[in-house]
Structure formats: C-alpha cells, structure tokens
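Trainee: Curious how this folds, go ahead:
(4 chains)
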Protein chains: 2
Amino acid sequence: MSTISEVAKKAGVSNATVSRVLSGAARVREETRNRVMEAIDTLSYVPNQAARSLASNKTFTVGLVASNIDNIYYGPAAGGVEKALRKADRHAIIASGNDSLSGEREAVDFLIKRQVDALVLVTRYMSEEELAEINRRCPVFVMNQHFDGDHGRNIAFDNFSGGKMAIQYLLDQGHRRIAIVRGPKSKSDASQRYLGSLQAMEAAGLALTYEVEGDFTIESGVKHMQSILRLGERPTAVFLGNDLMAIGALHVCNEHKVKVPEDIAIIGFDDTYLARYTSPSLTTIQLPLFDMANATAKLLLNTIYDCQYDVQTLFSPKLVCRKSA
Amino acid sequence: MSTISEVAKKAGVSNATVSRVLSGAARVREETRNRVMEAIDTLSYVPNQAARSLASNKTFTVGLVASNIDNIYYGPAAGGVEKALRKADRHAIIASGNDSLSGEREAVDFLIKRQVDALVLVTRYMSEEELAEINRRCPVFVMNQHFDGDHGRNIAFDNFSGGKMAIQYLLDQGHRRIAIVRGPKSKSDASQRYLGSLQAMEAAGLALTYEVEGDFTIESGVKHMQSILRLGERPTAVFLGNDLMAIGALHVCNEHKVKVPEDIAIIGFDDTYLARYTSPSLTTIQLPLFDMANATAKLLLNTIYDCQYDVQTLFSPKLVCRKSA
DNA sequence: AAGAAATATGAAAGCGCTTTCATTTCATTT
DNA sequence: AAATGAAATGAAAGCGCTTTCATATTTCTT
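Mentor: Okay, the predicted model is just below:
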C-alpha cells in the first residue's frame, strides 16, 4: 500500500497537490496533473478511505435499511442503490430490520452510529413522522413514500393511477363483482392504490364486493383469499395490493381447485420477477423498483455529494397482462 | 459529536485509558472503567470509525459479493452475514456481480479498494482457483463451496447426501423413470448433488432416464422441462438441482396441463421460502442458507477479529415433503 | 517492611489524508 | 519593463483514534 506522500515524492509535488488532483475540486496545471497521474499509476496507489474520512469528516458511505433483507423487493432496491453508488465510488452498508419496528429502529441507529453520510430507507413499519424525525439526525432518502420535512428527498410512484389501472382492466374484462385485498393503511403507497381503485369503481357506478386490509406478505394473501373463497357470493375478480399477496392468493386458489382466471381473476401489483412464473402467470401493475432505487441513490448523490445526475423523480405504472386475469 | 479526549477529560484519565476500556483488550481497574463508562454515557460518546480505522489499520468492514443481488438466495445469505456482523459491531458492504464473471470481478476489486478486512463471496461464475487467488489479496470466506488454499475458510453443506436423499425419496415413492436437471458442472455443490443422485440410482440398480445441465435459473428450468416434456418416453419424476429451476419446471408443467405430481413428480433443492407457495407446493431438500451464512460470518469474525464464536462448519440436508412429489 | 514483580496508567507519536493560509509562479495590463 | 491580479503550489496543522514505551501504582514475596 503506497501512500499519498510516496506519490507526491515520485511526482515531485506536495501532498496537497496530489490530493487536489485526486478530488478534482481545485485546479491543477495540466502538466502537473499528468505527472501525478503517472505516479499514481506506477505506484498503483489507492487512497486510504479511513484517512480520507477522518480528514474530510465524510464517510462516503450510505446506509441502506430494508425492513426485511429477505424480501423479494429488497433485491432490486438494493441493486439499484448499489449500482448508482458504486459508479460514484461510494458504497452502501446494509442493515436488515428483521421485519419489525424495533428491528428497523435498531438498524437505523446502528447505521447512524456507523456515521453514514445518508440513509436510504426501505422500511415497512416506520411511520412517516418517524422518518422525518430520523431525517433530523441524518439525511433520509426514500422511494415510493412521503415523509414530512423532506426536501425533495423522495422518489415517487403514481400509485393512485396504478390502482385505478388495475381495476379498470378488470372492469374492461367485464368483471362487476370485484374484491380488494389492500395493503396496510399505515402506508401511503398502499392507500393511494386503494383510493385509485375506488375511483375506478365509482366511475363505473359500482361498489366493491369485499375489501380487507392485508400486510403485503404472502401469508396475508393466503389468509384473505381463504376468506374470500368462503364468501357466500364470490367475487369474480380480486385485486391484491402487491404481488406477494397475489402469489399467496394464487396458491390458495390452486389448492382449492378454483380456476384462475376462469372462476376468479387475480391481479397483483409490482411485477416482481416471479410474476411471470406463477401458475398461471400473474397479471399485474409494474413498478420499476430497480430504476426507482437507482434514482433514489442518484438523488442522494446530488444532494449529499454535489453530484450532477439527471434524475427522474416520478415514475408511472404500467399494466402487464399475463394469464391470471 | 464528542471525542475521546472529552471523555478522557471528564473521567479524569488519559485518552489511552478510554481507548483501553473501549476495546476491552487491555485491563483497566474496575473503578477507573466505571468512571470512564459513566463519562461515555453522559456525553453519549460514539467512537469515530474513521479515526479508529486509520489508527488500527483495520476497517471493521467486510465485503459481501453476490453474483446477483436480486437472486432469491441472496436475501438469506446477506441476512445471515449481516446479523452476525452487526452483533459484533462490524458491518458489511454489499456489491453485486450483476450476474456475470466480469461483474463479479469488478465487485471484488471495488471492495478490496475499499479496504475491507475480509470478503464473503457468494459468487456463481468464479472458479475455485480464482477464489484462491483472490484469497491471496484479501481473506476470502465462502459457504457451500471449496477453494484451494483455504485455511478452514468455508462452511460446508453435505450436497452429496442431499442429492442422494432426493433420488431416494423418488425411488421410495415407486418412481423408476427419473430425470435430472443438474446444476452447472463448474460448481462443486451442483456436482456433489449430482453424484449423490447417481449413487442412489446405482444402488437401486437403475440408470437415469434423462440428464441435462442447467444453470440454476428459473429460465433454465423452463427450458429443460420443455425438452423433457417433448421426450418420447417421459420420466415419471424429475429432480431439479435447485428450487429456482424447479419453479421453472412447475410453471411449464402447469402451462402444458401436465399434472404434478400425478403425471410427473418434481423435486427441488434448497427449500427457498417460495417453495411452500408454488402450485403445487414444492417437495425439496432443505439447505439452511441463513444459518450457513451466519456461520460463515462467525467463522470470519473468529479468524479475522479474534472472536470466539462456536461455529458449526458442516450442515446437513433435510427432506421437506410437500405436494410436488 | 523492603524489594521485586505485576498491574495500571499516561505521554506522545503516528496512521494517511484534507484544507487553510502563505507563498511562488504565471499571465495580463499599463 | 514594472506593476498588478490571478492561478498554482507548498508547508503544516489537524482530524480522532490506537499503541508503544515509560512511569507510577499496587500487590506479592520473603
């Protein structure tokens, strides 16, 4: 491991100059810069991150909290964040919230202790007020979620239109008896989807046959679909607030020999990569999670590290027709 | 942010002493320690990681490379690693290999540049020789994989018995015509599973009806199952080298109205959390990925940071009977 | 109780950078 | 050509810890 001093010596300049060409912040004469670059190359010098952090009071590290690292959403989310950060020579520390509020809090505390420069939160249990509070301790960035006191720190998705789109599709297919297993009332994305659905129903002069609140897990989809099958008059179509619940619903239908989509149509939300491999394959509303996560990280880079990325801050839903509806 | 000096001053000791009580390495008189702890508490002092790293020449950071962060295996693997590290007040940086060899290499280089103290590699394209080579640059830890020159740096799983178990179960169910979609020949875990299967067949005096090499993706399961269905004389059971391929196979069967398990029995490997929600639910061999990842991280902690965890270094397969076979 | 051995603590150097401030060099103007 | 202002560079002071070495204190031995 060579140090900055060795590079400086070899290039015949001071440490300060090497530091300057490295950071790119201050200007250095063309010729000097070349000499330094050459020295860096021949010594294959790599700056010491710890020293950098200590001197500059930045860690170049971003914390990423997922409510449950083992969730199917986590992959694309982490992937999108990681890609953007790596390109900018920063990195992410992961911390899982172990699927509980206290776990999420611990994860956040851990990362703040670790002195990350910012946080990307993909949580499930934290209220928007809590996010705002954390934001006072360390800059918080989120996607598909609002929080008070954010200063353009979230990447949005038009959940309302997405919900509307799902129901509209069902309506277009001739369904009139429609049930909804919506996501948690505490989450604004879930509520927006729900509100959108409602609007589509109202516009058609219809009311929901059945409605219940799920928690976005497969198990929850299983449970609520079981209730729906027990209903006296079954709906002909069910809109589940996310793919995971739809997978649970599909599983239940298959177990009970209820034919999808003939007996009951199922539509999900998110278009996770499993959607195309369920039986039957899942019709769903696409949410470009990877891209949104990538945008979130870029927004963070712009805000915290003065980068200059173009970032799309609002994403739109898209219907993906497969065979379940 | 208070510093160690402030703590020292408040406790009426030197910085060195504070450092000592913090690290727990050297001994400090009971009474002194209490005074220091109290000062730490009242100042709510948190040590600066960068300074710590710079002074000690350790980053307390572990790099975690997954061939594809978006893979279903990644979650439990990352979760297991993260849990162990966090408990030990260390952390993991993630880097995805973007599902390619060059990507995996870039991820490794990035992390080494980032000066991680060690690497946990969950790669798909790197040969065991390459792992050994990387190990010369930075300590490498792997699970369910061997590499040359490791010094007890891997957590093993008995894939051979697992493969045997899968076939044995099929045999016990009365199947005689059995096909295998094995995993990549380049991966020792896949090969062990295959060898185990073969042994079970031989012991029964039978030969495989059909055999082909898949690449552990859903798509690969789809492709090979399609070929199998086109076979003149179909097998009555298929053993897929992992759950992902089995999910693909199930999907194909359902699309072609081939009844599972009546027409064809399907058995997978890994017992990912989706296995219980496929249609029909997947009979498979359980591989305790989270626990293995956790053990890998503990092994790392013991080796690199002189921790003293008990670690189980060999894990065993377990048959999980569901409905697909 | 004195000396030796063991234990506890402090002083200070240094880890490898960034950054401020002063100085030198260069280009421009008169 | 001298004066001026701008641009480029260097010297050196930290950033907040760990760790070595020396010193002070306690405990043990006889």
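
Trainee: what residues does the helix or strand hosting residue A:300 touch?
Mentor: If you go by DSSP states H and E, residue A:300 is part of helix A:289-305. Outside helix A:289-305, the residues that touch it by CB atoms under 8 Å, 6 or more residues apart in numbering or on different chains are A:60, A:62, A:73, A:76-85, A:88, A:90, A:117-118, A:120, A:122, A:139, A:141-144, A:152-155, A:157, A:270, A:272, A:307-313, A:315, B:70. For the C-beta atoms, the positions are set from N, CA and C on the backbone; glycine is no exception.

Trainee: I'd like the mean pLDDT over the helix or strand that it is followed by, please.
Mentor: Using DSSP H and E, the helix or strand that directly follows helix A:289-305 along the chain is strand A:314-315. Averaging pLDDT along strand A:314-315 yields 96.

Trainee: Which strand or helix spans residue A:95?
Mentor: Under the criterion of DSSP H and E, residue A:95 resides in strand A:91-96.

Trainee: thinking again about what came up before, quick one: average pLDDT of the helix holding residue A:300?
Mentor: For helix A:289-305, mean pLDDT is 95.

Trainee: Could you tell me the angle between it and strand A:91-96?
Mentor: Going by axes from the mean of the first three to the mean of the last three CA atoms, to 10 degrees, helix A:289-305 is angled at 120 degrees with respect to strand A:91-96.

Trainee: near DNA strand C, anything from helix A:289-305?
Mentor: No - judged by CB under 7 Å from any atom of the strand, helix A:289-305 stays clear of DNA strand C, getting no closer than 11.8 Å.

Trainee: so how far is that helix off the chain centroid?
Mentor: 10 Å (CA atoms, centre = their mean, to the nearest Å).

Trainee: pull the CA atoms of that helix into PDB?
Mentor: Only the C-alpha atoms of helix A:289-305 are listed here, as PDB (Å, rounded to 0.1, in the frame of the first residue of the first chain):
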ATOM      1  CA  LEU A 289     -38.200  -0.800  -8.400                       C
ATOM      2  CA  PHE A 290     -34.700  -1.100  -9.600                       C
ATOM      3  CA  ASP A 291     -34.900   2.100 -11.600                       C
ATOM      4  CA  MET A 292     -36.600   3.900  -8.700                       C
ATOM      5  CA  ALA A 293     -33.900   2.700  -6.300                       C
ATOM      6  CA  ASN A 294     -31.300   3.800  -8.700                       C
ATOM      7  CA  ALA A 295     -32.900   7.300  -9.000                       C
ATOM      8  CA  THR A 296     -33.100   7.500  -5.200                       C
ATOM      9  CA  ALA A 297     -29.400   6.900  -4.900                       C
ATOM     10  CA  LYS A 298     -28.700   9.500  -7.600                       C
ATOM     11  CA  LEU A 299     -30.900  12.000  -5.900                       C
ATOM     12  CA  LEU A 300     -28.900  11.300  -2.800                       C
ATOM     13  CA  LEU A 301     -25.600  11.700  -4.600                       C
ATOM     14  CA  ASN A 302     -26.700  15.000  -6.000                       C
ATOM     15  CA  THR A 303     -27.900  16.300  -2.600                       C
ATOM     16  CA  ILE A 304     -25.200  15.000  -0.300                       C
ATOM     17  CA  TYR A 305     -22.200  14.800  -2.500                       C
END
